[in-house]
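Asker: turn this into a structure:
(chains A and B)
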2 protein chains.
Amino acid sequence: MKLTVRKIYENPAKFADSTVVLSGWVRNHRDQKEFGFINLNDGSFFETIQVVYERDKTEDFEQVTKLTVGSAIEVVGTLELTPDRNQPFEIKATKVTLLGGADETYPIQPKRHTREFLREVAHLRPRTNLFSAVFRVRSIAAFGIHKFFQERNFVYVNTPLITANDGEGAGEMFKVTTLNLDKLPRLENGEIDYSKDFFGKQANLTVTGQLEGEAYAMAFRDIYTFGPTFRAENSNTTTHASEFWMIEPEIAFADLEDDMQLIEEMVKYVVKYVLDSAPEEMAFFDKFVQPGLLKKLNDLLTSKFNRVTHKEAIDLLINSGVKFENKPAHGRDLAKEHEKFLTETYFKSPVFVTNWPKDIKAFYMRLNDDNETVAAVDLLVPGSGELVGGSQREERLDVLLSRMKEMNVPIADLDWYLDLRRYGGCKHAGFGLGFERFLIYITGVENIRDVIPFPRTPKNILF
Amino acid sequence: MKLTVRKIYENPAKFADSTVVLSGWVRNHRDQKEFGFINLNDGSFFETIQVVYERDKTEDFEQVTKLTVGSAIEVVGTLELTPDRNQPFEIKATKVTLLGGADETYPIQPKRHTREFLREVAHLRPRTNLFSAVFRVRSIAAFGIHKFFQERNFVYVNTPLITANDGEGAGEMFKVTTLNLDKLPRLENGEIDYSKDFFGKQANLTVTGQLEGEAYAMAFRDIYTFGPTFRAENSNTTTHASEFWMIEPEIAFADLEDDMQLIEEMVKYVVKYVLDSAPEEMAFFDKFVQPGLLKKLNDLLTSKFNRVTHKEAIDLLINSGVKFENKPAHGRDLAKEHEKFLTETYFKSPVFVTNWPKDIKAFYMRLNDDNETVAAVDLLVPGSGELVGGSQREERLDVLLSRMKEMNVPIADLDWYLDLRRYGGCKHAGFGLGFERFLIYITGVENIRDVIPFPRTPKNILF
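Answerer: A predicted model of the protein is given here:
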């Protein structure tokens, strides 16, 4: 195994006074005539390592003084512990070799860049402190999610991306085709002949893996998906992307209460896993991105999530005396400002809002005995609003059928989904967590375009 | 936490003579007049648990005798150790409650079904032994892959699915659009006006995340992708699907030798992880799907992968005396029968074939000094042929540019990719592993349609 900056930071004493060889990139370079300092980052660790070179001690000194920011180099030198200085150790270089240069056109110079500019160079932005932190945390959070579910014996299911379903009976979808758009095949009546298309019928990119996930929960009991989903909505907000990753667990022999327990455990587990695994990155966010972030997350770990029904929440809002722009009303959805009031002013904690009016929720959510509400839950968190949406699923075939008819859901296309109620059906529940929303919450970075490596939004498909 | 069949199998003695409550599905039912046996599977574990009910000891005995295969039930009873019998324990039921029935139309009866039939009920097939084993192993293998890379500090990168690139300059792609195909907007010259499309230009589903992965390797050093990729090829074989999952690691400051080391370590790690984590499933495959599977995999763990250049491999084939249908020739690709000879007859082990003729490989592979071959590698394994394809990447801007021109790769679209050579470029390498091919190798199940939950192939988009 090659030596990396991370390995040195893990145990600098082990390498003290030995010769080390490192490869990496020049993050910063200060040339002081008779000597100089290079901050080397090799991608393995958030922090850089300081390389000192000197006229008398470093080969090809003059060449080294010319190294530019962004260049790839190899450094041979001695690791010296410097407990009295700002950085706890440095490398006294005997040799520094240029592997690949970067001229003055290199866009990532050591100065402040706007996030808008950095989106235009999304292939280079992970070389900055901010995006190095964001995307390592993304990786760690993803693994934390897998780890949580695998430790609990959940089966990971890869549900299909290309589908003929219109999952939730809502949400604009992207069409997928191999037809030659300049010579569309036509039926006699002039309609497009999709039997000639790749799949023999109209196909779309999925908006959810939930329905297929339910099929697997009816076999494996506890399952989760973690994969991309798509929305073709023409909305330019900081929380919407056309392509994003979702986690959708589904649990059998379980009700809404079990669902909420699972949500709470998962959120806390992953937050803790990230805090433990990426302390340097999290400290950076706390200092430079969202002051108070660490307190927010640590508070989350120790707080019991509150619970309130939708009706109670609306009453709270109405009786709050606050003048909301959107008037809270029974039977209606919560606006951002309502979520903010509930989590930040009233409860000062994450809060589960349960039992939503059936008319504003999806067909598959279990109808409560009041015939007015469904066993749905949204988890609202301070700072980000809705983080998770879940529900107990309607397991009663007759009730499900009548809800589908009511809501004009195409029944024939979903006959296989009804089989899950015909054959060995049982109470079950699940939820969806938008991975990028979770990352926004964890990192404090506000824009979804900045937590996904190459974001896709309307009119934007760079790289 | 609720009790599951897995928890009982983990430590039956702990539950001996205590009352247990389990929920699950009836896999089999033998009614013997005064008593009966139910094989209960709750999805948490491959094996079933035997439930015994008796006229005198079980509530609503007559109802219980009528329980049908596929039904969801709850069982209350006493766990009794039965060390002298076939099964090491059973549950003496005091109460069995029907949660959801399954009538005689239930397609998964306890008899042998063809795999073709089971594909038509892909939403129910994970309830069979075979697919329960396949899809738990899929989940475990996926986690093993994440674990391998995360333990080595690789950063997991989610590369985009919708793209304007034509990744490898090869491979048919699916178009993605929101245009109304019945009213396509046109430019004055009659061409379709893609500026009106969702992304403002023509978009496709990606065939690889490698190029974007390289951008991240130039920041994080070691990265991997693990996500869906797409091929719109109209080929109906047992190893091709239109939608499948790929693992694409990319390592900086690394050459082909490092790449091969990584491939070998990863393959062995994941195979071992699956063998350790799913012993019941793997024993099932060995017994019923591919006799000799466990020996094949254990041999893999202890064998050093062989290495041979493409030229040497062709020479071996020519001098073998074997009459191949496809005549082996220098400069040409290897046919399936050649791969089989090399891995099963000649080397009797996995083998890396390196240094391929440049004309049959992709533009981004590093040109060797002979100007004829590239630093590419395929890993061939006994029984499955090509499992992994990798290469050292061309890091020299001028060489890369001339290869792109030679192979008609659109240079302007990939200018950002060239930046990775302009700014801090360094030697680097990577590979691609088709997840489903790996699963075919690990499980012995021969058809890609049977290792992906809801397979997409030409004219097939069920569920």
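
Asker: residue contacts, A:Glu406?
Answerer: Contacts of A:Glu406 were listed using C-beta atoms under 8 Å, 6 or more residues apart in numbering or on different chains, and they are A:Phe363. All C-beta spots, glycine's among them, are computed from the backbone N, C-alpha and C.

Asker: outline the domain layout of chain A.
Answerer: A:5-100, A:129-170+A:207-450, A:172-202 (the TED database).

Asker: just say which of those domains is most tucked in.
Answerer: Mean neighbour count (mean count of other C-beta atoms under 10 Å in any protein chain shown) peaks for domain A:129-170+A:207-450 among these, with a mean of 20.

Asker: secondary structure class for the nearest residue to A:Phe253 once chain neighbours are set aside?
Answerer: Nearest non-adjacent residue to A:Phe253, counting by C-beta to C-beta, 6 or more residues apart in numbering or on different chains: B:Ser23, 4.1 Å away. Per DSSP: H, G, I helix; E, B strand; the rest coil, the secondary structure class of B:Ser23 is strand.

Asker: from what I see, B:Ser23 and B:Asp42 are in contact.
Answerer: Yes: between B:Ser23 and B:Asp42 there is a contact at 6.2 Å, judged by C-beta atoms under 8 Å.

Asker: shared neighbours, these two?
Answerer: Common contacts of B:Ser23 and B:Asp42 (C-beta under 8 Å, 6+ apart): A:Phe253.

Asker: tabulate the CA atom coordinates of stretch A:197-208 in PDB.
Answerer: What follows is stretch A:197-208 as a C-alpha-only set of coordinates in PDB (Å, rounded to 0.1, in the frame of the first residue of the first chain):
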ATOM      1  CA  ASP A 197     -40.000   1.200 -29.600                       C
ATOM      2  CA  PHE A 198     -37.300  -0.600 -27.700                       C
ATOM      3  CA  PHE A 199     -39.600  -2.000 -25.000                       C
ATOM      4  CA  GLY A 200     -42.600  -2.300 -27.300                       C
ATOM      5  CA  LYS A 201     -44.500   0.300 -25.300                       C
ATOM      6  CA  GLN A 202     -44.100   3.800 -23.800                       C
ATOM      7  CA  ALA A 203     -41.400   3.900 -21.200                       C
ATOM      8  CA  ASN A 204     -40.400   6.500 -18.600                       C
ATOM      9  CA  LEU A 205     -37.800   7.100 -16.000                       C
ATOM     10  CA  THR A 206     -39.100   6.100 -12.600                       C
ATOM     11  CA  VAL A 207     -40.200   8.500  -9.900                       C
ATOM     12  CA  THR A 208     -40.100   5.900  -7.100                       C
END
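
Asker: for it, which outside residues touch it?
Answerer: Residues outside stretch A:197-208 that contact it (C-beta under 8 Å, 6+ apart): A:159-168, A:170-171, A:173-179, A:194-195, A:229-232, A:246, A:248, A:432, B:162, B:174, B:176, B:232, B:234, B:242, B:456, B:458-461.

Asker: whether stretch A:449-463 contacts chain B - can you check?
Answerer: Yes: Stretch A:449-463 is in contact with chain B by C-beta under 8 Å from any C-beta of the partner chain, via A:452-454, A:456, A:458-463.

Asker: could you dump the residues you listed into TSV with pLDDT added?
Answerer: Below are the residues of stretch A:449-463 next to chain B laid out as TSV (pLDDT from 0 to 100):
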residue	pLDDT
A:Ile452	98
A:Pro453	98
A:Phe454	97
A:Arg456	97
A:Pro458	95
A:Lys459	95
A:Asn460	93
A:Ile461	93
A:Leu462	89
A:Phe463	88
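
Asker: can you redo the residues you listed as JSON lines with neighbour count and distance to B:Pro107?
Answerer: Listed next are those as JSON lines, based on neighbours: other C-beta atoms under 10 Å in any protein chain shown; distance: C-beta to C-beta, whole Å:
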{"residue": "A:Ile452", "neighbour count": "23", "distance to B:Pro107": "40"}
{"residue": "A:Pro453", "neighbour count": "23", "distance to B:Pro107": "42"}
{"residue": "A:Phe454", "neighbour count": "25", "distance to B:Pro107": "43"}
{"residue": "A:Arg456", "neighbour count": "24", "distance to B:Pro107": "39"}
{"residue": "A:Pro458", "neighbour count": "17", "distance to B:Pro107": "43"}
{"residue": "A:Lys459", "neighbour count": "12", "distance to B:Pro107": "47"}
{"residue": "A:Asn460", "neighbour count": "16", "distance to B:Pro107": "45"}
{"residue": "A:Ile461", "neighbour count": "25", "distance to B:Pro107": "43"}
{"residue": "A:Leu462", "neighbour count": "16", "distance to B:Pro107": "47"}
{"residue": "A:Phe463", "neighbour count": "21", "distance to B:Pro107": "45"}
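
Asker: so the residue lying farthest from the centre of chain A versus B:Leu316, what's the distance?
Answerer: The centre of chain A is farthest from one residue, A:Asp56, which by C-alpha atoms, centre = their mean lies 49.7 Å away. For A:Asp56, the distance to B:Leu316 equals 56 Å [C-beta to C-beta, to the nearest Å].

Asker: next one: A:Leu3
Answerer: Relative to B:Leu316, and taking C-beta to C-beta, A:Leu3 is found at 38 Å.

Asker: ditto for A:Phe45
Answerer: Applying C-beta to C-beta to A:Phe45 and B:Leu316 gives a distance of 45 Å.

Asker: for A:Ser402, same thing?
Answerer: In terms of C-beta to C-beta, A:Ser402 sits 69 Å off from B:Leu316.

Asker: equivalent analysis for A:Arg231, please.
Answerer: 53 Å.

Asker: coming back round to it: and the domains of chain A as CSV, adding mean pLDDT?
Answerer: Formatted as CSV, the domains of chain A follow (pLDDT from 0 to 100):
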stretch, mean pLDDT
domain A:5-100, 96
domain A:129-170+A:207-450, 96
domain A:172-202, 95
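
Asker: in JSON lines, list these along with distance to B:Leu380.
Answerer: What follows is these, written out as JSON lines (distance: least, C-beta to C-beta, whole Å):
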{"stretch": "domain A:5-100", "distance to B:Leu380": "31"}
{"stretch": "domain A:129-170+A:207-450", "distance to B:Leu380": "26"}
{"stretch": "domain A:172-202", "distance to B:Leu380": "30"}
